[in-house]
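Enquirer: let's see this in three dimensions:
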Amino acid sequence: MLTIILIAVASILLTIGLVWLIDKFLPTSLKPVIIIALWALIAFLGYQTYMSVYTPIQFNKIKKQRYAAVIEKLIDIRDAQLAHKQVTGKFAGDFEHLIKFIDTAKYTITQRRDSTIIDEEMTKRYGGVETTKDIIIIDTLGFVSVKDSLFKTSPRYKTMMNLPKGIGPEGAKFKMEAGTIDQNDIKIPVFESSVKKSVILFDQDPDLVVQENQVIAVDDVNGDALMVGSMSEVKTNGNWPKTYGDDE
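Expert: Below you'll find the model as predicted:
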């Protein structure tokens with residue numbers, strides 16, 4: 001972009017120089033038409049220079065606003081998936097199942113306490129000498145609705161598969177999948193929900209979108225998509241920096 005700006009500025013300066021030379025040396029009868037054409041060229045180059053600076057600035061502003069809204073949705077998806085795993089031991093493979101889970105599932109509230117009891121086996125082994133052992137007792141105290149715990153009175157979970165209003169083509173949705181991966185001969189549940197940057201920025205300058213897909217930076221979203229979780233490794237965080245919100 002800097003190269004384009006420098007070329008445009010150099011062109012403007014060259015054109016202004018030509019206007020001065022024409023005004024000084026060209027016959028009077030030819031001056032008006034040529035000078036008007038050159039000033040028009042100066043105006044065009046000036047506009048192009050302005051847009052070469054303004055367009056990326058606007059693109060970054062729109063990008064950040066849209067990313068922030070999309071990330072809020074991804075955080076809701078992650079929280080719902082973590083609740084699903086806590087209750088069922090696995091992640092949901094689709095949004096329909098996840099929404100039904102939120103509507104009906106409950107967390108079990110438990111209390112853990114230590115206690116001491118007589119160890120009958122050891123007592124017999126030592127000829128009736130009373131021997132004790134420590135145990136942990138888990139009491140069930142009640143149940144709490146997952147929906148109330150995560151979303152209170154908000155119905156937003158029912159549309160969490162959709163991109164935020166005004167972002168992406170009509171009907172654009174997040175992708176989601178779930179399954180397991182093997183780690184040390186143990187199958188561990190994983191999930192991933194994502195949306196391509198090109199979908200989020202579908203109405204923006206295609207060249208700037210291509211550049212955005214290639215971003216590698218500590219304070220920006222790397223890769224060509226916004227996502228939470230992973231189907232290839234055990235993690236439930238998002239791929240956005242903390243400047244956009246909590247990724248854990």
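
Enquirer: which stretches of the chain have low pLDDT?
Expert: Applying pLDDT under 70 to the chain picks out residues 1-35, 38-39, 41-42, 45-53, 107-111, 113, 128-129, 137-143, 245-248.

Enquirer: just the strands in it please.
Expert: Counting by DSSP state E, the chain has strands at residues 106-118, 132-145, 175-183, 186-196, 225-229.

Enquirer: please list the residues outside the shortest one that contact it.
Expert: The contact list for strand 225-229 (Cβ atoms under 8 Å, 6 or more residues apart in numbering) reads 67, 70-71, 74-75, 77-78, 81, 91, 190-197, 200, 235-240, 247. (Glycine included, C-beta is placed from N, CA and C.)

Enquirer: the inter-axis angle of that strand versus strand 175-183?
Expert: Angle of strand 225-229 versus strand 175-183, following axes from the mean of the first three to the mean of the last three Cα atoms, to 10 degrees, is 50 degrees.

Enquirer: how about strand 225-229 as PDB, C-alpha atoms only?
Expert: Below are the C-alpha coordinates for strand 225-229, written out as PDB (Å, rounded to 0.1, in the frame of the first residue of the first chain):
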ATOM      1  CA  ALA A 225     -11.300 -18.400   9.900                       C
ATOM      2  CA  LEU A 226     -12.500 -17.500  13.300                       C
ATOM      3  CA  MET A 227     -12.900 -20.600  15.400                       C
ATOM      4  CA  VAL A 228     -13.300 -22.100  18.800                       C
ATOM      5  CA  GLY A 229     -12.100 -25.600  19.800                       C
END
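
Enquirer: can you give me the angle that strand makes with strand 186-196?
Expert: Using the same axes, to 10 degrees: strand 225-229 against strand 186-196 is 150 degrees.

Enquirer: run the chain-centre distance for strand 225-229.
Expert: 5 Å (Cα atoms, centre = their mean, to the nearest Å).

Enquirer: and stretch 212-227, by the same measure?
Expert: On Cα atoms, centre = their mean, the centre of stretch 212-227 falls 10 Å from that of its chain.

Enquirer: now stretch 124-134
Expert: 59 Å.

Enquirer: then stretch 187-194?
Expert: Offset of stretch 187-194 from its chain centre (Cα atoms, centre = their mean): 16 Å.

Enquirer: residues contacting it, please?
Expert: So stretch 187-194 is contacted by 74, 77-78, 81, 85, 89-93, 174-182, 225-234, 236 (Cβ under 8 Å, 6+ apart).

Enquirer: if you set the cut-off to 6 Å instead, what comes out?
Expert: Residues outside stretch 187-194 that contact it (Cβ atoms under 6 Å, 6 or more residues apart in numbering) are 77, 81, 85, 90-91, 174-178, 180-181, 225, 227-231, 234.

Enquirer: what does stretch 123-134 give?
Expert: Looking at what lies outside stretch 123-134 - Cβ under 6 Å, 6+ apart - the contacts are 116, 118, 119, 122.

Enquirer: let me see the contact set for the second one.
Expert: Counting by Cβ under 6 Å, 6+ apart, residue 118 makes contact with residue 132.

Enquirer: does it have beta-bridge partners, and which?
Expert: Beta bridges link residue 118 to residue 132, judged by DSSP bridges.

Enquirer: what distance do you get for it to residue 112?
Expert: 21 Å (Cβ to Cβ, to the nearest Å).
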